[in-house]
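> Let's see this in three dimensions:
(one chain, ligands or ions: 1)
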Amino acid sequence: MCGIVGYVGGRFAAPILLDGLKRLEYRGYDSAGIAVLTPEQAIHIEKTEGKLKRLLDALDGRTPAGFLGIGHTRWATHGAPNHTNAHPHTDCSGRIVVVHNGIIENYASLRAELITRGHRFTSETDTEVVAHLIEEANHTIPFADAVRAALHYVQGAYAIAAFCPDEPDLLVGARLFSPLVVGLGEGENYLASDIPALLGQTRRALLVEDGEVVEVRRSGVTITTLDGEVVRREPFHVNWDAQAAEKSGYPHFFLKEIYEQPSALTNALRGRLDGDRLYLPELASLDLDRVERVYLVACGTAYHAGLIGKALIERWVRLPAEAVIGSEFRYADPILDDRTLVILISQSGETADTLASFRLAKAAGAQTIAIANVMGSSITRGADAVLYLQVGPEIGVAASKSFTGQLTLLYLLALYLAETRGRMGDGGVAEVVRGLRALPEQATRVLEQDGAIEATAKAY
Ligand code: GLU
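Here you go, the predicted structure:
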């Protein structure tokens, strides 16, 4: 969801990685890190919670020497945004180094299996399973083959960059539903999650497609499928300037994020459906049987998501539900007790009036569920349950993909409430789940009609 850079060549890697990460800062992130392979084949990892500036302060001008490295800015989805969970991550030996964007849906079962086979985990991230899976495969086969073998077990979405000192001239990247590009230089090559990261270095690029692995060396680049079949791909020339590249060619972020909605919807559902059923372990600790009334509290666009949530809960769960604007809640004298469920919806998780409502609800003993996009934000701390939007950072001030993400989560939540309270049987749940699965494709088809929509908007 956030940023990756990688470099191999004849120059020191660290300044190039830091420049690339700086160029990705506009996307928003919660922590950052780099790993550099030194000429003595040692691995130097430096990572910090917070902004790049803190990483630079931690480095204090002592950027590690080395000609190969990877860097990452994180938008946490699994595990709090702290130093331990910041990327890069390593295997048990500390020799396989990985950064990752995206979500590994089956990480919980992979992690449990790896632990029974003796692996030791140091972070709470979904990402770390990749390093351990590569470690297992790398005992018997070369590094790039080990990455391909490991990824056969991984479900979800990823852009990955990895290296291992055994092959000091090799960076391996891989992609499934998260962007990854290769930058081409003379005697040096790059990896990046997005084109802006490359613009300080090169304008010749190669796209990596879903299901492909790329081996990046000083001397050249090889793209293969997960099964190791070589794929031929022509490079292209990037003629966007930095500003246009940040917006993927769209005139502004709002438009870019409108067009990102199909993939945002897919990400919001990621890991939450299991066939025709719901999978929401986040809600397991709640006592939903005792709930007698529901408030949905939010501000601005999120309040409008709340209005739809209210309608869904009343229709499917047959519980009285009310959507209230955050700034009104305190003064409306709401009925709050341990039989009240308060759902707080905020993209940032920091909306002041929603936060004040949250504190009020908690103090009165109500159960609270936060629906937020930013992991570790104030509303998510102390809520009885949190549902993260998983739609990645939103830069446009007007909400777009965060709104459709909130709606998706409210559908899942209302459905879950209906199911646990015996209001909807398997058949009904399956029908809605099938509808939700079809949504990203339908959103794509709506967006394809943008010409007609524009003409209609002008006419009226
Ligand atoms: N899911 C990973 C994590 O939480 C990667 C997040 C990202 O894409 O930045 O660490």
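> Break down this structure into its helices, ranges please.
Ranges of helices in the chain, per DSSP state H, are 13-23, 52-59, 107-116, 128-138, 143-151, 242-246, 253-259, 261-269, 301-317, 326-329, 352-363, 401-420, 426-447, 450-459.
> Looking at those helices, which is nearest to residue 89?
helix 128-138 (4.6 Å; Cβ to Cβ). Using the backbone N, CA and C atoms, a C-beta is placed for each residue, glycine as well.
> quick one: least confident helix or strand in this structure?
helix 242-246 (a mean of 77; mean pLDDT, DSSP states H and E).
> which residues touch that helix?
23, 26, 194, 195, 196, 199, 238 (Cβ atoms under 8 Å, 6 or more residues apart in numbering).
> Name the nearest of those relative to residue 114.
Nearest to residue 114 among these: residue 194, at 30.4 Å, using Cβ to Cβ.
> for residue 417, what are its contacts?
288, 291, 313, 316, 317, 319, 423.
> got a markdown table for those, with pLDDT too?
What follows is the contacts of residue 417, written out as a markdown table (pLDDT from 0 to 100):
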| residue | pLDDT |
| --- | --- |
| 288 | 96 |
| 291 | 98 |
| 313 | 98 |
| 316 | 97 |
| 317 | 97 |
| 319 | 97 |
| 423 | 95 |
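> what's the spacing between the most far-flung residue of the chain relative to its centre and the ligand?
In the chain, the greatest distance from the average C-alpha position (Cα atoms, centre = their mean) is reached by residue 459, at 38.7 Å. Note on residue 459: its distance to the ligand, by Cβ to the nearest ligand atom, to the nearest Å, is 41 Å.
> of all the residues in this structure, which ones are close to the ligand?
Residues of the chain lying near the ligand by Cβ under 6 Å from any ligand atom: 1-2, 74-79, 85, 100-103, 125-127.
> Most neighbours of all these, which one?
Ranked by neighbour count (other Cβ atoms under 10 Å), these have residue 100 at the top, with 30 neighbours.
> Need the nearest residue in space to that one, chain neighbours excluded.
residue 127 (4.1 Å; Cβ to Cβ, 6 or more residues apart in numbering).
> Does the one you found touch residue 87 like I think?
Yes - the pair residue 127 and residue 87 passes the contact test of Cβ atoms under 8 Å, sitting 6.4 Å apart.
> can you list residues touching both of the two?
Common neighbours of residue 127 and residue 87, using Cβ under 8 Å, 6+ apart, are 98, 99, 100.
> Contacts only, for the first one.
It stands for residue 98. The contact partners of residue 98, taken as Cβ under 8 Å, 6+ apart, are 87, 88, 89, 90, 127, 128, 130, 131, 134, 160, 161, 162.
> if I look at it, how far off is residue 6?
11 Å (Cβ to Cβ, to the nearest Å).
> Quick check: neighbours shared by the two?
residue 161.
> from the contacts of helix 242-246, which single one is nearest the ligand?
residue 194 (12.1 Å; Cβ to the nearest ligand atom).
> just checking, that closest one touches residue 3?
Yes - at 6.9 Å, residue 194 and residue 3 qualify as touching, with contact defined as Cβ under 8 Å.
> so what sits against both of those two?
Common contacts of residue 194 and residue 3 (Cβ under 8 Å, 6+ apart): 24, 27.
> out of these two, which sits in the busier spot?
Per other Cβ under 10 Å, whichever of residue 194 and residue 3 has more neighbours is residue 3, with 28 against 24.
> Hmm, that one is touching residue 17, no?
No - using Cβ under 8 Å, residue 3 is not in contact with residue 17; the gap is 10.6 Å.
> list the residues that contact both of those two?
The overlap between the contact sets of residue 3 and residue 17 (Cβ under 8 Å, 6+ apart) consists of residue 71.
> Count the neighbours of residue 430 for me.
For residue 430, the neighbour count with other Cβ under 10 Å is 15.
> whoops, I mixed them up, residue 279
Look at residue 279: counted by other Cβ under 10 Å, it has 13 neighbours.
> for the protein, which spans come out with low pLDDT?
Along the chain, segments meeting pLDDT under 70 span 1.
> hmm, 80 instead?
Scanning the chain with the threshold set as pLDDT under 80 gives 1, 239-245.
> Pull out the C-alpha coordinates of stretch 234-246 and format them as PDB.
C-alpha atoms of stretch 234-246 as PDB (Å, rounded to 0.1, in the frame of the first residue of the first chain):
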ATOM      1  CA  GLU A 234       9.900  -4.100 -23.800                       C
ATOM      2  CA  PRO A 235      11.100  -1.100 -21.700                       C
ATOM      3  CA  PHE A 236       9.200   2.100 -22.000                       C
ATOM      4  CA  HIS A 237      10.200   5.800 -21.600                       C
ATOM      5  CA  VAL A 238       8.600   7.800 -18.800                       C
ATOM      6  CA  ASN A 239       7.800  11.200 -20.100                       C
ATOM      7  CA  TRP A 240       5.800  12.400 -17.000                       C
ATOM      8  CA  ASP A 241       7.300  15.000 -14.800                       C
ATOM      9  CA  ALA A 242       7.500  14.300 -11.100                       C
ATOM     10  CA  GLN A 243       4.200  15.900 -10.300                       C
ATOM     11  CA  ALA A 244       2.200  14.100 -13.100                       C
ATOM     12  CA  ALA A 245       3.900  10.800 -12.100                       C
ATOM     13  CA  GLU A 246       2.800  11.200  -8.500                       C
END
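> Distance check, residue 268 against residue 143.
Following Cβ to Cβ, the distance that separates residue 268 from residue 143 is 34 Å.
> Compare neighbour counts for the two and give me the winner.
Using other Cβ under 10 Å as the criterion, residue 268 and residue 143 rank with residue 268 on top: 28 against 21.
> Quick one: the strands in the stretch 151-300 of the chain, in order.
With DSSP state E, counting those that start in this stretch, the ranges of strands along the stretch 151-300 of the chain come out as 156-163, 171-176, 181-184, 189-192, 204-207, 212-216, 221-225, 230-231, 236-237, 273-274, 277-278, 293-298.
> then the fifth one to PDB, C-alphas only?
Same thing as strand 204-207. These are the backbone C-alpha positions of strand 204-207, laid out as PDB (Å, rounded to 0.1, in the frame of the first residue of the first chain):
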ATOM      1  CA  ARG A 204      13.700   3.900 -18.800                       C
ATOM      2  CA  ALA A 205      11.400   1.500 -17.100                       C
ATOM      3  CA  LEU A 206       9.900  -2.000 -17.300                       C
ATOM      4  CA  LEU A 207       6.500  -3.000 -15.800                       C
END
